[in-house]
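Peer 1: predicted model, plus sequence, below.
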Amino acid sequence: MKYLTYSFESKTSLGVLINGQVINLNKASKGIIPNCMIDFLKEFESNHLWVKKNINQLSSNGVKLENVVINSPLPRPHSLRDAYAFRQHVEAGRKSRGLEMIPEYDLFPVFYYSNHNAVGGPGEICIQKEQSIKLDYELEIAAVIGKKGINIDIDKADDYIAGFTIMNDLSARSLQKEEMKLSLGPAKGKDFLTTLGPFLVTKDYLEKFCISSSNGNRYDLDMKAFLNGKLLSKDNFKNISWTFAEIISRVSNGTYIYPGDVIGSGTCATGCLLELNQTNKTDIWLNDGDEITLEIENLSSLTNTVKIV
């Protein structure tokens, strides 16, 4: 299933996309299904099962996708974490600076907290001038948590994922460069905006692309980024080094995860201008009016247009 948060006739609702039609789930279910994604995820298994069982009845009462405004599937996630899961991206960045790979990378998956109150969806994004200096995109896939848990074993961690969405971890590299000298992690360089969308795509929808292993699932899904229509970044979700199962196990060690938590994968190989600039000896950044499109196979595409304010 592809779930979404959308606006139509000045109302924001939770919907499901069926044959190009957006179905208002709260209205179609006569109140059985809640009208916002966070509440839907709190009882994800039963709500998702209800939608699957009633899909034939739902498909006749919708609005064409092109007639709605698509928002972030989770306009206010319960929390927002971002990992560092694609080894190729880390290696390329260090190699371009003449550095060896960090041996500690292979010990455990690392992550940081981003700003869950600064989340957007598709469309125009307003960036203040200070954050616009060396503004960058990051091509990522994000897992959305569908049930509460703590101290989760790797072999059970995939069960806590409701689905996936595309994530653009927008980055102010000028600020980030200065902050990272203090070895605490990104702060103002990362906390101004992250975009998600356009859909929350459930695991069962992606089942035929799943590659199972003892340390968690990967998916054979191409990942691409386009700047003003030009292909810049290309990788595949199956190349992720730390699986989401491993990341979730680490995240939940000693603390609870909750429905509506969002966990980004971290940048895939070639998935940002910083890496491409270092590799190609260029100096290209996002500017006012630029259109950046992140595309992940079977998850659709997330397009944002930059507006410097």
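Peer 2: Looks like it arrived, so ask away.
Peer 1: L175: neighbouring residues, count only.
Peer 2: Neighbours of L175 under the rule other Cβ atoms under 10 Å: 20. All C-beta spots, glycine's among them, are computed from the backbone N, C-alpha and C.
Peer 1: quick check: it touching S132?
Peer 2: No. Under the criterion of Cβ atoms under 8 Å, L175 is not in contact with S132, lying 10.5 Å apart.
Peer 1: now G20, what are its backbone angles?
Peer 2: phi 80, psi 0 (degrees, to the nearest 10).
Peer 1: that one and G289, how far apart?
Peer 2: Distance of G20 to G289, computed by Cβ to Cβ, to the nearest Å: 30 Å.
Peer 1: can you check F199 too?
Peer 2: 26 Å.
Peer 1: more neighbours: the two, which one.
Peer 2: Under the criterion of other Cβ under 10 Å, the comparison of F199 against G289 puts F199 first, with 25 against 10.
Peer 1: give me the beta-bridge partners of the nearest residue to the more buried one once chain neighbours are set aside?
Peer 2: Leaving aside its chain neighbours, F199 sits nearest to K2 (4.1 Å; criterion: Cβ to Cβ, 6 or more residues apart in numbering). Beta-bridge partners for K2, by DSSP bridges, are V201.
Peer 1: just to check, K2 is in contact with G197?
Peer 2: No. Using Cβ under 8 Å, K2 is not in contact with G197; the gap is 10.8 Å.
Peer 1: contacts only, for N298.
Peer 2: By Cβ atoms under 8 Å, 6 or more residues apart in numbering, the residues touching N298 are 201, 205-206, 209, 221.
Peer 1: quick check: phi and psi at it.
Peer 2: Taking degrees, to the nearest 10 as the convention, N298 sits at phi 70, psi 0.
Peer 1: ok, it to L206 distance?
Peer 2: Distance from N298 to L206, by Cβ to Cβ: 6 Å.
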